[in-house]
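*Asks:* here's my sequence, what's the structure:
(chains A and B)
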Amino acid sequence: MSLLAAPIEKPPLPSYLEAGHSVRSWLCTLDHKRIGLLYLFSITFFFAIAAVAAALMRIELLTPAGDVVASDTYNRLFTLHGVLMVWFFLIPSIPSVLGNFVIPLMIGARDVAFPRLNLVSWYLFIFGGAFTLYSIVGGGVDTGWTFYTPYSSTYSNSHVMAMAAGVFITGFSSIATGLNFIVTIHKLRAPGLTWFRLPLFIWSMYATSVIMVLATPVLAITLLLIGLERFFGVGIFDPKLGGDPLLFQHLFWFYSHPAVYIMILPGMGVVSETIAAFARKPIFGYHVVAFASLAIAGLGFLVWGHHMFVSSQSVYAGVVFSLLSFLVAVPSAVKVFSWTATLYRASISFETPLIYALGFMGLFTIGGLTGMILATLAVDVHVHDTYFVVAHFHYIMVGGMVLGYLGGLHYWWPKISGRMYHEWTARISALITFIGFNLTFFPQFVLGYMGMPRRYHAYPQEFQMLNVLSTAGASILAIGYILPLIYLTWSFFYGKKAGPNPWRNPGLEWQTASPAPEHNFETTPVVNGPPYDFEVLPEESV
Amino acid sequence: MNQSTTEIEETPYVDATQHREANHLGMWMFLATEILFFGGLFSCYSIYRWTYPAAFAQASNRLDFWIGTINTGVLLTSSLFMALADLAHHAKAVRLTRIHLSLTALLGAVFLGLKFYEYYQKYVEHLIPGPHFAFPDAPPQAQLFFFLYFAMTGLHAAHMIIGLCALGWLVRRTTKPAWTARHSDAVSIVGLYWHFVDCVWIFLYPLLYLAGR
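*Replies:* Model prediction:
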């Protein structure tokens, strides 16, 4: 993206961090960058709770006997882990933290289209989180994150309503964020910034926002129906009245499968940015990658039935859902090939964000290919509800999205904090995460294929070796999560000053001071070229 | 810094056109989410009506056809006044805008009044789903119909109440001197919402009231 040269000689504008120091200036801020940081702190908090739940589960699974926690507690742990990780960490992770922070900067806008709505979305998030925390403190929920009826309705014996209310409210936070991003990307682009000059991160955030806006309302109405069922004492998922519990699963997955793409498309966007940045080349097949994001968003709405292959769904429907699930792999694979082709014969520098991106490519590919195995009707009967499924979606969600999130956080950290983190510590930490992750989840593929079912706190003796490996991996993974928390916090206060453009990148977000000024740009930038145009960047602007 | 420059500083827009376009797109996106929100209920209704046509027809006949029909007329007329309010607003006729907005709100309130009277009737007749539900000679699926009836019309009524609040806010704004000073698109934005809620009813009326006819 080439820019009119704008040498900055005037005294720099105060950064968004210096714009006010009172608590009120943070909690009532309309600045998208501060709201991004509010989200950063909140999701880190929820991630920590959910990670503790995971740690307890891994400790329980160290030995075959169910000795550390009772089976009922174990049910509550995996529900808590799932609900918090999905709705309070993964879905808001890249969109609400990094998206909020960088979308207006990347498109040369002063803020998102509706700054007040943006702040409201954070409050809704916190309000929903409070309900969820209340349900945890009150004794937890044992339905699993999917709230399947009748566990959540007729036979519920835990705080389903409080947690469902929390998820319901948080859903509106993600609708508000998605709506805001769509309008921002449509209406607030800088002069000259046409659709095909947009960075690919914007394309993937656009596709993500479409899913957020169109899928989340269905989750909301589904949870509302559960609520009404509890309120009236009868409901439309109740077989006694002729209702169908499977209908709940259809409605739930109509949201939750597209939601899986809310949890991976933003990661893909980060990978596109970091690969271009550190291969110093435009992304190979830019248009195809851009449209692949939209194709994933579109096809993602048509594959929900593959969660119900063994739930008495019609076999013919199963065949169609299986075929469509294979189709959704095509645009995903296109992206991986494009990134690989971009790296081919590039002058690559292995900075931390790129290490995370490379990790993403490998792990996402494994996650995606095992997804194909699961989409195969006959094989799914064998591995359904086993650790194979658990390993598969963790390869997508942790191997994909969490690595994407950490990579993006490192990549934009100079813009967020104005400082550099310690490069070698960060590189080693990225490798620790990668190794820890694989050691945790690869054995679970084997366990699942051997037939170990998910969601049990005890298991036969022969599965112990692989479970010990998995728990060992989880403790390494924990180090990989704790290290960035420490060195990024340290660098926020004591790190080396980054300067406006530490990666020598032509992207608009790098053409303003670090940390960004309160209103982003001194003068509205004008764009007159394609994105990732590393040739135009004069060396002295570094 | 005086008031007007502060306002320019605080908005993310470069000009009024961009602001207006963003507002409209935002409302349309919101209505898209609303379609999916109601869509979940509509698909549940379709599935169960397809599965249990006789029970649904029998249950539907217990609804008050005339109240439903009159309410349809009331709501459509309120939408007419909403459209007239928008025209009056564009013609900068403040008093006329206020009158039309008030009539819209009045008819909306009449609709809700009739709706709640209907709910009361159903309560008296023990047709509210739950332990006290009593519908002799009807299959159990009739209760599904009434569950959906209350869920769908209840959600619609909740949207009507929000719409009434928005109309009240608009009417109050038309009395302020600042109203004429700058062209606001609030009337057309609220109008979009009001028409949407009206459209939902246009689907609810035949599905619920005419299913047995």
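*Asks:* need the longest helix for chain B.
*Replies:* When chain B is parsed with DSSP state H, its longest helix is helix B:16-51.
*Asks:* for it, the distance to its chain's centre please.
*Replies:* How far helix B:16-51 lies from its chain's middle: 12 Å, per CA atoms, centre = their mean, to the nearest Å.
*Asks:* for chain B, which element, helix or strand, carries the lowest mean pLDDT?
*Replies:* Lowest mean confidence among the helices and strands of chain B (mean pLDDT, DSSP states H and E): helix B:3-10, at a mean of 44.
*Asks:* what residue in the stretch 401-542 of chain A comes nearest to chain B?
*Replies:* Closest to chain B within the stretch 401-542 of chain A is residue A:524: 7.1 Å, counting by CB to the nearest CB. Just so you know, the C-beta spots here come from the backbone N, C-alpha and C atoms, and that holds for glycine as well.
*Asks:* report the contact partners of that residue.
*Replies:* A:108, A:190-191, B:14 (CB atoms under 8 Å, 6 or more residues apart in numbering or on different chains).
*Asks:* what ranges in the chain fall below the confidence cut-off?
*Replies:* Went with chain A since none was named. For chain A, the stretches with pLDDT under 70 are A:1-12, A:537-542.
*Asks:* please go with chain B instead
*Replies:* For chain B (pLDDT under 70), the answer is B:1-10, B:180-183.
*Asks:* just to revisit the earlier point, quick check, the longest helix of chain B touching chain A?
*Replies:* Yes. Using CB under 8 Å from any CB of the partner chain, helix B:16-51 comes into contact with chain A via B:18, B:21-22, B:25-26, B:29-30, B:32-34, B:36-41, B:43-44, B:47-48, B:51.
*Asks:* could you see whether chain B lies near stretch A:150-164?
*Replies:* No. Stretch A:150-164 stays clear of chain B (CB under 8 Å from any CB), getting no nearer than 12.4 Å.
*Asks:* that stretch: end-to-end distance?
*Replies:* 14 Å (CA to CA, to the nearest Å).
*Asks:* re earlier: state the phi and psi torsions of the residue of the stretch 401-542 of chain A closest to chain B.
*Replies:* Main-chain torsions, residue A:524, degrees, to the nearest 10: phi -60, psi 120.
*Asks:* from residue B:84, how far off is it?
*Replies:* Noted for residue A:524: a distance of 40 Å to residue B:84, by CB to CB, to the nearest Å.
*Asks:* can you check residue A:208 too?
*Replies:* As defined by CB to CB, residue A:208 lies at a distance of 40 Å from residue B:84.
*Asks:* more crowded one of the two?
*Replies:* Using other CB atoms under 10 Å in any protein chain shown, the more surrounded residue of residue A:208 and residue B:84 is residue A:208, with 32 against 17.
*Asks:* so the more buried one: helix, strand or coil?
*Replies:* Following DSSP: H, G, I helix; E, B strand; the rest coil, the label given to residue A:208 is helix.
*Asks:* ditto for residue A:456
*Replies:* coil.
*Asks:* what about it, neighbour count?
*Replies:* For residue A:456, the neighbour count with other CB under 10 Å is 13.
*Asks:* for residue A:493, same thing?
*Replies:* Neighbour number of residue A:493 under other CB under 10 Å is 8.
*Asks:* for residue B:178, same thing?
*Replies:* Residues near residue B:178, counting by other CB under 10 Å, number 8.
*Asks:* and residue A:125, that's in a helix?
*Replies:* Yes. Note on residue A:125: a helix contains this position according to three-state DSSP.
*Asks:* surely it is in contact with residue A:92?
*Replies:* Yes. Here residue A:125 reaches residue A:92: they are 6.5 Å apart, a contact under CB atoms under 8 Å.
*Asks:* overlap of the contact sets of these two?
*Replies:* A:39, A:42, A:173.
*Asks:* show me what contacts the second one?
*Replies:* For residue A:42, the contact set (CB under 8 Å, 6+ apart) comprises A:88, A:92, A:122, A:125-126, A:129.
*Asks:* equivalent analysis for the first one, please.
*Replies:* Residues in contact with residue A:39 (CB under 8 Å, 6+ apart) are A:92, A:96-97, A:100, A:122, A:125.
*Asks:* please, which helix or strand holds the most centrally placed residue in chain B?
*Replies:* Chain B has residue B:197 as the residue nearest its centroid, 2.9 Å off, counting by CA atoms, centre = their mean. Secondary structure from DSSP states H and E places residue B:197 in helix B:186-209.
*Asks:* tally of neighbours for residue A:377?
*Replies:* Around residue A:377 there are 17 residues (other CB under 10 Å).
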